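A.B. asks: What follows is a predicted protein model with its sequence.
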Amino acid sequence: RPGAAAGVADVEIDGDGVFKYVLLRVRAAGGPGKDVVRGHSWAEYHADLYERTAEELKQQGLGCECLGGGRVSHRPQERKIHVYGYSVGFGRADHSVTTEKLKAKYPDYEVTWADEGY
């Protein structure tokens, strides 16, 4: 059904490299919110990730707000993901929330996070 936040993927990140990410809270009108992670190397700014995702969600009748950002280092050959840093515009995301979502998507990975770094 249109406007259901439950249908939105929890995690969409690039398969390799270091890139910016945002933690977004997706909402359907009157429905429960859901936090999702989006991280891609094409994004020069955290706002690029937010704006593109907001546009995609709007077409599905959903709204979103940015809870903050950071960076992701994804090393598939080592099965490691590290979450760190912050967004100048949106502030630091709760990396512990992001880490739990990444662990669920990548159960065989070592997923770590730190507040240090930019």
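C.D. replies: Now that the structure is in, tell me what you want to look at. Here the structure is a predicted model, which is why all the values come from computation and not from measurement. Numbers count the residues shown, from 1 in each chain.

A.B. asks: The nearest residue to Leu57 once chain neighbours are set aside in helix, strand or coil?
C.D. replies: Nearest non-adjacent residue to Leu57, counting by Cβ to Cβ, 6 or more residues apart in numbering: Cys64, 5.3 Å away. For the C-beta atoms, the positions are set from N, CA and C on the backbone; glycine is no exception. What DSSP: H, G, I helix; E, B strand; the rest coil gives for Cys64 is strand.

A.B. asks: How many residues are close by Cys64?
C.D. replies: Each residue near Cys64 was counted by other Cβ atoms under 10 Å, and the total is 23.

A.B. asks: And Ser41, by the same measure?
C.D. replies: Ser41 - counted by other Cβ under 10 Å - has 15 other residues nearby.

A.B. asks: in what helix or strand does the residue most central in space within the chain lie?
C.D. replies: By Cα atoms, centre = their mean, the chain has its centre lying nearest to Val37, at 1.8 Å. Assigned by DSSP states H and E, Val37 falls within strand 33-40.

A.B. asks: The residue nearest to Leu57 touches Thr53, doesn't it?
C.D. replies: Yes - the pair Cys64 / Thr53 is scored as a contact, 6.5 Å apart, by Cβ atoms under 8 Å.

A.B. asks: Overlap in contacts, the two.
C.D. replies: Taking Cβ atoms under 8 Å, 6 or more residues apart in numbering as the contact rule, Cys64 and Thr53 both touch 24, 36.

A.B. asks: Alright, I will stop here.
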